[in-house]
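> sequence and predicted structure below; questions after.
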Amino acid sequence: MSETVLITGAGRGLGLEFAYQYARDGWKVHACCRDLTHAEDLLALEARFPDQIDLHTLDVNKDGQIKALDRVLGDTTLDLLINNAGYYGPKGVAFGSLERELWRQVLETNTLSPIMLAQALYPRVAASQGKTIAFLSSKVGSITDNSSGGGYYYRSSKTALNQAVKSLSIDLEGAGVKVLALHPGWVQTDMGGPNALITAEESVRGMRTVLENMEPNQSGTFLDYMGNLIEW
Ligand code: NDP
């Protein structure tokens, strides 16, 4: 039987590339996107791999949509859950110009929602063969790596995500579920921009290899797309 993956934010960028690579390699892909009416690339991908890709509407910040997704999944088990959806927030906001509501939106998407989704879906992961939950974090969430300051909204959202990922790895150890924070590299997507160092293809290929080779004792770590350990 083929393996099954659920991916959030699959309409573009890394999420779309994950959906493509897993479908191409024969996986069953549950591709989630908050607005399917504007997801031409994902719709085209689904048309190319109709037997392998199921599309779902999911704004990760909406609990009602998380519940609806869980219902629609029926008895589906998930070998791999990829919490990919992310939001940088307004760029270039310096200390002195921070706004509570804007910060809250970034935290909501990058920190609270991936954990809430994992909370809703982890029994499906625990019941699978693969038993893996991945979270797209970022090296800029590493406190050790922060030598340039700024980036309050995004940095803090990924740092807090990392802490929650660590707790989750401990809490799900008994269920045999592996939990990983991944840094995809600096990638040419809408978020990474055109000057980024690597393509989405290279990043996703690397992260898939990391996930494939992951040992149970690597649960609760923070790895980049080449498998290098990143300091918290
Ligand atoms: P993009 O900005 O290119 O794409 C972001 C994706 O997240 C889109 O599919 C977007 O959907 C989705 N999304 C945002 N908010 C929500 C929401 N509330 N509900 C559902 N989906 C949502 O980002 P990337 O593909 O580059 O990034 C993917 C992940 O990798 C993110 O978590 C990001 O933080 C992380 N990352 C990326 C790096 C890079 O260099 N690109 C570097 C380090 C980390 P929509 O189309 O509807 O807006």
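Ah, there it is. Residues are numbered from 1 along each chain as shown.
> who touches the residue nearest to Gly149 when sequence neighbours are not counted in this structure?
Closest residue to Gly149 apart from its sequence neighbours, by Cβ to Cβ, 6 or more residues apart in numbering: Phe95 at 7.9 Å. Just so you know, the C-beta spots here come from the backbone N, C-alpha and C atoms, and that holds for glycine as well. Shown in contact with Phe95 (Cβ atoms under 8 Å, 6 or more residues apart in numbering): 149-150, 152.
> by neighbours, which of these wins?
Within the contacts of Phe95, most neighbours by other Cβ atoms under 10 Å means Tyr152, with 17 neighbours.
> name the nearest residue to it, sequence neighbours excluded.
Nearest non-adjacent residue to Tyr152 (Cβ to Cβ, 6+ apart): Leu98, at 5.8 Å.
> where along this structure do the helices fall?
Taking DSSP state H, the helices of the chain run over residues 13-24, 40-48, 63-72, 100-107, 113-126, 152-171, 200-212.
> and those, which is most packed in?
Each of these was scored by mean neighbour count; the highest is helix 13-24, a mean of 24, by mean count of other Cβ atoms under 10 Å.
> does anything pack onto it? Which helices or strands?
Judged by 3 or more Cβ pairs under 8 Å, 6 or more residues apart in numbering; DSSP states H and E, helix 13-24 is in contact with strand 4-7, strand 28-33, helix 40-48, helix 200-212.
> what sits up against that helix?
Contacts of helix 13-24 (Cβ under 8 Å, 6+ apart): 5, 7-10, 29, 31, 33, 41-42, 45, 48-49, 52-53, 82, 84-85, 136, 184, 187, 189-191, 200-201, 203-205, 207-208.
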